[in-house]
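Visitor: Sequence and predicted model, in that order:
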Amino acid sequence: MEPLHQKVTDALNTLLPSGAPRLVSRWNGRIEELVGQDDAAVIRRDGTIEVAARRLNDPDRWRTYLHELVHAHSPLSGQTDMEENLGWEEGVVEHLQRIIRPTVLQGRMDVDEAAIRATEPVWPYRPYIAAFDKLQRDLGVTDADAGRWYAQLLQKPVEGRRQFLAISVLRSPGRLKLMEAIGSANTVLRKNLRR
Ligand SMILES: [Zn+2]
């Protein structure tokens, strides 16, 4: 897991402009079995990744590990901030997981890419992915630039990501429309789909 972890850190930092502050992981090196929930994975506040027993050997387990390792690079926010901005975290993390996956898992023989892809249309947080897809289009972020865009969002605390985007469009000519796009994405991204 350690070499994979380093690859994730490197892949995320490669997306950032040179000279930008680097993303740092808070994973503590431990993966434990998540007790009490049978279909989940989380990274705890102390940096331990917990994965439900059922998922440890799932064909799509590499997606789960990657997703949690991307979370590890997100600045630690308060529990309430996280719950109130869940889509701003899950959408950014999952998009980055999908962007870096081909690079990070390249050459591994035990990766079932078809199984991984099959999970994407049924992923419980997919409304967040759709909201970000739309926001990206509305703000004119090209697919080629999406990696940098999401990595820069990941650097900000979850409760500050909306404002970071709002500030970034302030001087744009079409700023009213752009602010509206951020606002309507925010409505989806602040819904807590975990509850
Ligand atoms: Zn997540």
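Guide: In hand now; what should we look at? Numbers count the residues shown, from 1 in each chain.

Visitor: State the pLDDT value of residue 148.
Guide: What the model reports as pLDDT for residue 148 is 98.

Visitor: can you pull the contacts of the residue nearest to it when sequence neighbours are not counted?
Guide: Distances taken as Cβ to Cβ, 6 or more residues apart in numbering put residue 15 closest to residue 148, at 5.3 Å, once the chain neighbours are dropped. Using the backbone N, CA and C atoms, a C-beta is placed for each residue, glycine as well. Going by Cβ atoms under 8 Å, 6 or more residues apart in numbering, residue 15 touches 96, 99-100, 147-148, 150-151.

Visitor: how distant is the helix or strand bottoming out on mean pLDDT in the chain from the center of its chain?
Guide: Lowest mean confidence among the helices and strands of the chain (mean pLDDT, DSSP states H and E): helix 53-56, at a mean of 84. From the chain centre to the centre of helix 53-56 is a distance of 21 Å (Cα atoms, centre = their mean, to the nearest Å).

Visitor: Could you do stretch 153-165 as well?
Guide: 12 Å.

Visitor: which outside residues touch it?
Guide: Residues lying outside stretch 153-165 but in contact with it, judged by Cβ under 8 Å, 6+ apart, are 12, 16, 20-21, 23, 70, 73-75, 77-78, 81-82, 84-85, 88-89, 92-93, 96, 139, 152, 182, 186, 189.
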